[in-house]
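> The sequence and its predicted three-dimensional model are supplied below.
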Amino acid sequence: MPEQLQILSTLKEYFGYDRFRPLQQEIIDSIFDGQDNMVIMPTGGGKSMCFQLPAILLPGITLVISPLIALMKDQVDGLRANGIKAAFVNSSQQENEQQDIYQKLIDKEIKLLYIAPESLSFIDTILSQIEISLIAIDEAHCISSWGHDFRPAYTQLGYLKNRFPEIPIIALTATADKATRQDICQQLNIPHAKQHVASFDRTNLSLEVRPGNKRVEQIIDFLRDKPNDCGIIYCLSRKTTEMLADKLQNSGYKAAAYHAGIDHLKRAAVQEGFINDTIQIVCATIAFGMGIDKSNVRWVIHYNLPKNIEGYYQEIGRSGRDGLPADTLLFHSYADVVQLQKFANMSGNQEVQIAKLERMKQYADSLSCRRKILLSYFGELITEDCGNCDVCKNPPSFIDGTIIAQKALSTVARVKEEEAIGTVIDILRGAQNAAILDKGYQKLKTYGIAADIPWRDWQQYIIQLINQGYLEIAFHLNNKLRLTALSKKVLFDGQKIYLANLKEFEKKKEVVTKQ
Ligand code: ADP
Ligand code: ZN
């Protein structure tokens, strides 16, 4: 393992930084120790450093598997500008260019090789002729159908560990809930990989959800006190991006649309303009922003409900990367929910997609601190409310929900965390359907213990408990309800729980559905 001093001087010499960001050091040490590693770090957290720095110091070549062909050139150019011998191989190159790189690999003139998973098989024979020191798998969530960006070409990557059992693998992603994380390690054959989960808490981002009526007017109003701040508006359809860009231009903003249907020269121009501040607002479908390194995006608006929390969090995470305050606004409309349900039903793994959409909807409907929900989704539990979301700033009235919570949590415990919301509510309300009676649930101590609370209210209370981190949904296990580390405090330590007054919830919901 290189000396600490050597690692730090490499950081300074090649990247110009004096110190590591959180987790980078321990990840790098673990690589030098020869271990497999799994890194979960929000966008902008500094994932690349975790393999780029070791690549410089390790004796052989570091292979970087990345799906972002469009960004490979930029990344490699950036490394070369810092004096690091990097190259990429992908389908956009001429054969002689590729031959040239292969020769350099054999001649040990390359330290970092970026390659798309589809291209791996082409360099198979070369791989046997060179010394590989590290394999980095960027955007590793693409391997998992639990993830939100599944790419079939990633599924073959499991063979890497079998073929190179001695070489450490580092898998990196910004967007993985617990189920996805486990799935990634399993599929890459690195079940014992050391897990490094950076905090996802971005306290400088304000969170706000509003009903999606008269969205254009609301946006123009939102922009009134931000005349020069740049931002991104994410939309579901290409048509909406163009409509919005038009309207914003008419209101005097330098706005542009960006989607996959626009030819690539124009798209590159929009991206360039946004980076150079000549375009202030980009109205985009999800295709925009991956890999854009712009630190002063001051706001992000979701014109439509995103299809899952991972995507949403990644997108709002593109604002405020400089650590200064940034505002995010999500419009919630049930028409979007219906649309997204249709998309989910057409997708390959519809149950997972539907469950994730359901979670997104619960976030938008929430009457408790939204940041708590986001963080608990990524497995991070905070006990204090954040103070920087619309619910914290304008809280609903609360009732003492301690007894309600105790009843629900003890029912989940008594069914051994084997049932989903519906059955748990049926037990609490003493339902007599076959599903309950067949399993003998009528004998449970909590059976029928809270029949006075209507079904729909129970559903809301349980969602609030999930949102506050006292329960979680195991998406990969038929949505069974599970207890969390916080549940014990309620069940055994008598911790008080506050639940939002449902009468108020009904009022808010009316506004949303009426538009
Ligand atoms: P990610 O891949 O996690 O989205 P990047 O690797 O692109 O993030 O890093 C984001 C930015 O942070 C880059 O501009 C990078 O140079 C910078 N960065 C990385 N490590 C450090 C560090 N230790 N100190 C300061 N800046 C860093
Ligand atoms: Zn909050």
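All right, it came through fine. Keep in mind it's a predicted model, so treat the numbers as computed, not measured. Ligands and ions are numbered 1, 2, ... in the order given.

> interface residues of the stretch 251-400 of the chain facing ligand 2?
369, 371, 385-386, 389, 392 (C-beta under 5 Å from the ion). Quick note: C-beta positions are derived from backbone N, CA and C, even for glycine.

> rerun that using 8 Å as the cut-off
368-372, 385-393 (C-beta under 8 Å from the ion).

> how near is the residue in the stretch 51-200 of the chain that ligand 2 sits nearest to to residue 88?
Nearest to ligand 2 in the stretch 51-200 of the chain, going by C-beta to the ion, is residue 200, at a distance of 14.3 Å. Taking C-beta to C-beta, to the nearest Å as the measure, residue 200 falls 29 Å from residue 88.

> hang on, the earlier thing: for ChimeraX, write the select line for the buried members of the residues of the stretch 251-400 of the chain next to ligand 2.
In ChimeraX, a selection of the buried entries from these looks like this (16 or more other C-beta atoms under 10 Å):
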select :368,369,370,371,372,385,386,388,389,390,391,392
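
> wait, which of the residues of the stretch 251-400 of the chain next to ligand 2 is closest to ligand 1?
Top of the list for closeness to ligand 1, among these and by C-beta to the nearest ligand atom, is residue 371 at 20.2 Å.

> Pick out the residue in the stretch 201-350 of the chain sitting closest to ligand 2.
residue 207 (6.9 Å).

> and that residue, what does it touch?
By C-beta atoms under 8 Å, 6 or more residues apart in numbering, residue 207 lies in contact with 316, 328, 330, 370-371, 374, 386, 388-390.

> change it to 6 Å
Residue 207 sits next to 328, 370, 389 when contact means C-beta atoms under 6 Å, 6 or more residues apart in numbering.

> Looking at residue 200 and residue 88, which is more packed in?
Legend: neighbour count by other C-beta atoms under 10 Å for residue 200 and residue 88, higher for residue 88 (24 against 20).

> low-confidence ranges in this protein?
147-148, 176, 287, 290-291, 504-515 (pLDDT under 70).

> Point out the residues in it that sit beside ligand 1.
17, 20-21, 24, 41, 43-49, 293 (C-beta under 6 Å from any ligand atom).

> what would those look like in JSON lines with secondary structure and neighbour count?
JSON lines is the format used below for those (DSSP: H, G, I helix; E, B strand; the rest coil; neighbours: other C-beta atoms under 10 Å):
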{"residue": "17", "secondary structure": "coil", "neighbour count": "14"}
{"residue": "20", "secondary structure": "coil", "neighbour count": "18"}
{"residue": "21", "secondary structure": "coil", "neighbour count": "15"}
{"residue": "24", "secondary structure": "helix", "neighbour count": "22"}
{"residue": "41", "secondary structure": "coil", "neighbour count": "22"}
{"residue": "43", "secondary structure": "coil", "neighbour count": "21"}
{"residue": "44", "secondary structure": "coil", "neighbour count": "18"}
{"residue": "45", "secondary structure": "coil", "neighbour count": "23"}
{"residue": "46", "secondary structure": "coil", "neighbour count": "19"}
{"residue": "47", "secondary structure": "coil", "neighbour count": "25"}
{"residue": "48", "secondary structure": "coil", "neighbour count": "17"}
{"residue": "49", "secondary structure": "helix", "neighbour count": "18"}
{"residue": "293", "secondary structure": "coil", "neighbour count": "12"}
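
> Helices along the stretch 301-450 of the chain, start to end?
309-316, 334-346, 350-365, 370-377, 390-393, 402-414, 421-428, 434-438 (DSSP state H, counting those that start in this stretch).

> Contact partners for residue 490?
Per C-beta under 6 Å, 6+ apart, neighbours of residue 490: 405, 409.

> If you could redo that for residue 312, that was the one I meant.
Residues near residue 312 by C-beta under 6 Å, 6+ apart: residue 306.

> Fine by me, we can end here.
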